[in-house]
Structure formats: C-alpha cells, structure tokens
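Undergrad: sequence first, predicted model second:
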Amino acid sequence: MSLLVLTTPSMALAMGEEPSPSKLGTAPIKAMYDTKAEAEEAATLFNCKGAHQMGAKWMPCNSHNHGPHADH
C-alpha cells in the first residue's frame, strides 16, 4: 500500500528528504520504497539505474551517493 504525502520543501528538508528538483513548492519525489522492484522503476525519476537497500526499505539508484549533491 502506498501513501501519498504532500509537503512543502522546508517540511521535506526537516524530515530528511530532498525536495523535488523540478520546482520549489512542489511535493518531493518519493525516495523510499517497500520493494526493490518499485525502487528500480522509480530510478528513472532520479536519472539513474538500479536500487539499493536502506534498512528495511529500498531506494532508487545503485548507490546512495547519486545526483547533484553527491559530493557534499
């Protein structure tokens, strides 16, 4: 079961999530999934491939350090 959560960027950052790269004020892109298959499918939204496990959840991309802020 999926749950859609709408937040402002400041709320998303407070919850440890990155806001959507498209526009400030939009809902963040979901980054944690229950299954590897869901995370792999969502990887295209992050311009990457694959998935990696984070605790009991799955995240898109082969590694956690992906994207424009990977060097920070």
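TA: Received it, and whenever you're ready, just let me know what you need.
Undergrad: can you tell me the element residue 41 falls in?
TA: Taking DSSP states H and E as the criterion, the element that holds residue 41 is helix 36-42.
Undergrad: which elements pack onto that helix?
TA: strand 51-54, strand 57-60 (3 or more C-beta pairs under 8 Å, 6 or more residues apart in numbering; DSSP states H and E). In short, each C-beta sits where N, CA and C put it, glycine included.
Undergrad: from these, which stretch is densest packed?
TA: For the helices and strands packed on helix 36-42, ranked by mean neighbour count under the definition mean count of other C-beta atoms under 10 Å, the leader is strand 57-60 at a mean of 20.
Undergrad: dump that strand to CSV, keeping only the CA atoms.
TA: The C-alpha trace of strand 57-60 is given here as CSV (Å, rounded to 0.1, in the frame of the first residue of the first chain):
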residue,chain,number,x,y,z
LYS,A,57,13.3,-0.1,2.6
TRP,A,58,14.7,0.3,-0.9
MET,A,59,15.9,3.5,-2.6
PRO,A,60,16.4,4.2,-6.3
